[in-house]
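J.: When you get a sec, could you give me coordinates for this:
(chains A and B)
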Amino acid sequence: MWLFYLILRPMKAEQLLFESVKSGLKTLYGLDTNTISFQKTRKEFEGDFTLVTFPYTKETKKSPEQVANELGAFLLANNAQVQAFNVVKGFLNISLSSGFWLSFFETVKSNARYGFQKAQSTGKTIMVEYSSPNTNKPLHLGHVRNILLGYSVARILDANGHTVIKTNLVNDRGIHICKSMLAWEKFGKGETPQSSGLKGDHLVGKYYVEFDKAYKKEIAQLVEQGTNKEIAEKEAPLMKECQEMLRLWEKGDEKVLKLWNTMNAWVYEGFDVTYKSLGVDFDKIYYESNTYLRGKEVVQQGLEKGLFYKKENGSIAIDLSADGLDEKIILRGDGTSVYITQDMGTAVERFMDYPKLNQIVYTVGNEQDYHFKALFKILEKLNYTWAKECYHLSYGMVELPEGKMKSREGTVVDADDLIEVMYNTAKATTEELGKVDDFSAEELNALYKTVSMGALKYFILKVDTKKKMLFDPKESIDFNGHTGPFIQYTHARIKSVLRKSSENESSYVVTDLHPLEREILRGVYDFEAVVEEAGNTYSPALIANYAYELTKLFNRFYHDLSILKEEDANKRRFRLALSANCAQVLNNAMGLLGIQVPERM
RNA sequence: GGUCCCAUAGCUCAGCUGGAUAGAGCACAGGUUUUCUAAACCUGCGGCCCUUGGUUCGAAUCCAAGUGGGACUACCA
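T.: Residues are numbered from 1 along each chain as shown, chains lettered A, B, ... in the order given. Predicted structure coming up:
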């Protein structure tokens, strides 16, 4: 049974070496240890895997070089897959045989899903929430980072064999939504997306800004008349009206609900266009207007358990100071819910909707780190066992050279504008290079979309999730160097070679590997581990950087060696297969980032 | 007051659970195409890895303190 398994699945190189080194240490020094780990040999040295021998000097009472040399000799003599070794100081660099790499290649070259686990093989179900917009303004660059991250993480988790549910929690109710509604009612003169030609979300956003302008004017007036500023902010007629509107909404006032439905529908229509441009989708959408009441039930549970308490002013709170947090208000004095009330309710509802759900991943900016700490802690205290599995995928803010983006002040990079600018840049670059002049208008359009989204997505996803990122609109996103289009270009190049090949024989006999071929195989080998690591750490950046490294390896190979013009038919066919496999891995890796790769560009 | 995040080349970023002379891209200077797509390849330039201590055979990486930047700690979301 065990042997059978070995034949079907070749041992991983690290495992193979681990056993040999373990037995070597035992045989040579009588040392019994499991602390053996390998790292990738740095490219300036020869070898595939490197073992650091410093840790064994104490027990063996020998110099690191000596241990490395003796161990190297042992491996060479006892492990058929070890072809050579060299020692630099205490570093034992091990080269595996060409045979090992070639047989590895045989197992992956025909596997289109190489690097991915069998679909839904872990039995674990994970919900990934992302986007979570307010319905009072269009999406901006901050949302774009959120959306791309969440979508990519969903794909990465899927590739790791989990069942993934992509979800969106739409913040469709509350005082801020009423602001744009009120402004439209007052100043809109019946304007609609149809009458104005404005995209629905932009139209609504316009009135959100209008509200703010008019509101600020009122405050200024009141202050001029001698009112204290804080009081003016509360007493301004527009704010009063807005609060009244929210009250009517909660009461179910028909007229308000109708306006609310109409304007939200405009927004959703607009969002859908943006989501489609970004190439993302959702399996299930939650609306806060549907879930906010559930939160109040949860609060009630907590009260009964004695976990929450009522304060003098009637609000309900929990004391989290023992957990390093503060007192947290979870329900307003007037009985209306706050953000965390809704989030508690939504989480509970989700686990009711999906009984098999194991985990929720929340893609939300790091400004809410504290909020999620409190949320998970409260859910844990309410004895929801799944609370420990909830994860806040916290990402850094996107900043402009001037600082933070502010919707109300209009200093945001609009998502639709950005997408358009990228599209036009891709178009201009493509036309300039003139490599696809024979494309139809449709094909060109598709290519511009692929390349522009590749550039944008890669630009955002290659940066470590938790770090804040700087975006300078004046410096357009690059298409050269460490970018999405660079990787896409390499893929297109490979495809071009493959198209030109008239080879109908795909078999070959190869025994030796060129160092560049070997490096590529070594790179391909790493993919599986990178996918796993990216899944464990929710990190698209790992995938992005991996794809770049492999691309560079391939380009060096492509530049230095020829594929089609190689005269030895065996080598030629092998290189074709290797190139095809590279294209496949790049396609798989980019797919995890939500980026498509073109056949030509 | 409390909690958390960040600091690496002029700029934007890699550097995995500690390991070799700290790496890329952009920018700058130069080179490579009668040959598979030059959105490429190669060379050069460029670094008190914020500071100071500690742990270790070994620290950009781990620990502590400090400095600088940022976020949160609202009956906002």
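J.: For A:F271, see how far away A:E505 is.
T.: 52 Å (Cβ to Cβ, to the nearest Å). C-beta here means a position set from N, CA and C on the backbone, and glycine is covered the same way.
J.: got it, and A:I156?
T.: The separation that A:I156 has from A:F271, given Cβ to Cβ, amounts to 24 Å.
J.: Which of the two has more residues huddled nearby?
T.: Taking neighbours as other Cβ atoms under 10 Å, A:I156 and A:F271 compare with A:I156 leading, 27 against 22.
J.: which residues touch the more buried one?
T.: When contacts are counted by Cβ atoms under 8 Å, 6 or more residues apart in numbering, A:I156 touches A:531, A:534-535, A:538-540, A:543, A:592.
J.: how about 10 Å then?
T.: A:I156 makes contact with A:116, A:128, A:162, A:164, A:531-540, A:542-543, A:592-593, according to Cβ atoms under 10 Å, 6 or more residues apart in numbering.
J.: Spatially, and excluding backbone neighbours, which residue is closest to A:R155.
T.: A:L592 (5.0 Å; Cβ to Cβ, 6 or more residues apart in numbering).
J.: got it, and A:E532?
T.: A:N160 (6.5 Å).
J.: Check the burial of the residue of the stretch 451-600 of chain A found nearest RNA strand B by counting its neighbours.
T.: The stretch 451-600 of chain A approaches RNA strand B most closely through A:G481 (2.2 Å), counting by Cβ to the nearest atom of the strand. As a burial measure, A:G481 scores 8 neighbours (other Cβ under 10 Å).
J.: Give me the distance between A:G188 and RNA strand B.
T.: 23 Å (Cβ to the nearest atom of the strand, to the nearest Å).
J.: ok, that residue - contacts?
T.: Taking Cβ under 10 Å, 6+ apart as the test, what A:G188 contacts is A:180-182, A:196, A:203-204, A:206-207, A:210, A:263.
J.: surely A:T411 meets A:G403?
T.: Yes - using Cβ atoms under 10 Å, A:T411 makes contact with A:G403 at a distance of 8.3 Å.
J.: So for those two, which sits in the more crowded spot?
T.: A:T411 (13 against 9).
J.: separation between the more buried one and RNA strand B?
T.: 14 Å.
J.: Same check on A:M397?
T.: For A:M397, the distance to RNA strand B - Cβ to the nearest atom of the strand - is 6 Å.
J.: check contacts around that residue.
T.: A:142, A:145, A:365-367, A:403-405, A:467-469 are the contacts of A:M397 under Cβ under 10 Å, 6+ apart.
J.: Now the buried members of those.
T.: A:142, A:145, A:365-366, A:405, A:469 (16 or more other Cβ atoms under 10 Å).
J.: what residue lies at the spatial centre of chain A?
T.: Centroid check for chain A by Cα atoms, centre = their mean gives A:L149 as the closest residue, at 3.0 Å.
J.: how about that one, what does it touch?
T.: Residues in contact with A:L149 (Cβ under 10 Å, 6+ apart) are A:128, A:130, A:363, A:393, A:395, A:460-461, A:465, A:538-541, A:593-594.
J.: please redo it, this time with the cut-off set to 7 Å
T.: With contacts defined as Cβ atoms under 7 Å, 6 or more residues apart in numbering, A:L149 is in contact with A:130, A:363, A:393, A:395, A:465, A:540.
J.: If you rank these by neighbours, which is first?
T.: A:P540 (28 neighbours).
J.: contacting residues around it?
T.: Contact analysis of A:P540 by Cβ under 7 Å, 6+ apart lists A:149, A:152-153, A:156, A:461, A:534, A:593.
J.: hmm, 6 Å instead?
T.: The contact partners of A:P540, by Cβ atoms under 6 Å, 6 or more residues apart in numbering, come to A:152, A:461, A:593.
J.: Most neighbours of all those, which one?
T.: Result: A:S152 is most packed of the contacts of A:P540 (other Cβ under 10 Å), 30 neighbours.
J.: Isn't that residue up against A:G594?
T.: Yes - counting by Cβ atoms under 6 Å, A:S152 does reach A:G594; the two are 5.4 Å apart.
J.: where does chain A have low pLDDT?
T.: A:1-11 (pLDDT under 70).
J.: swap the cut-off to 50 and go again
T.: A:1-8 (pLDDT under 50).
J.: Switch the contacts of A:P540 over to JSON lines; also include secondary structure.
T.: Shown next, in JSON lines, are the contacts of A:P540 (DSSP: H, G, I helix; E, B strand; the rest coil):
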{"residue": "A:S152", "secondary structure": "helix"}
{"residue": "A:L461", "secondary structure": "helix"}
{"residue": "A:L593", "secondary structure": "coil"}
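J.: Roughly how far does A:R113 sit from RNA strand B?
T.: In terms of Cβ to the nearest atom of the strand, A:R113 sits 23 Å off from RNA strand B.
J.: do A:A426 as well
T.: A:A426 is 6 Å from RNA strand B, by Cβ to the nearest atom of the strand.
J.: on that earlier part again, export the contacts of A:M397 as a markdown table, with columns for secondary structure.
T.: Formatted as a markdown table, those follow (three-state DSSP):
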| residue | secondary structure |
| --- | --- |
| A:G142 | helix |
| A:R145 | helix |
| A:G365 | strand |
| A:N366 | helix |
| A:E367 | helix |
| A:G403 | strand |
| A:K404 | strand |
| A:M405 | coil |
| A:K467 | coil |
| A:K468 | coil |
| A:M469 | strand |
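J.: Also within reach of RNA strand B: list those from these.
T.: A:366-367, A:404, A:467-469 (Cβ under 7 Å from any atom of the strand).
J.: and A:I595, helix, strand or coil?
T.: Assigned with three-state DSSP, A:I595 falls in the coil class.
J.: typo on my end, it should be A:Q66
T.: Assignment for A:Q66 (three-state DSSP): helix.
J.: For it, give its distance to RNA strand B.
T.: Where RNA strand B is concerned, A:Q66 sits at a distance of 14 Å (Cβ to the nearest atom of the strand).
J.: Pull out the buried residues from the helix or strand where the residue nearest to the centre of chain A lies.
T.: Assigned by DSSP states H and E, A:L149 belongs to helix A:141-159. Across helix A:141-159, burial judged by 16+ other Cβ under 10 Å covers A:141-159.
J.: Tell me the gap between it and the middle of its chain.
T.: Taking Cα atoms, centre = their mean, to the nearest Å, one finds the center of helix A:141-159 at 4 Å from the center of the full chain.
J.: What is the helix or strand following it packed up against?
T.: Downstream of helix A:141-159, the next assigned helix or strand under DSSP H and E is strand A:163-170. Here strand A:163-170 touches strand A:125-129, helix A:141-159, strand A:284-287, going by 3 or more Cβ pairs under 6 Å, 6 or more residues apart in numbering; DSSP states H and E.
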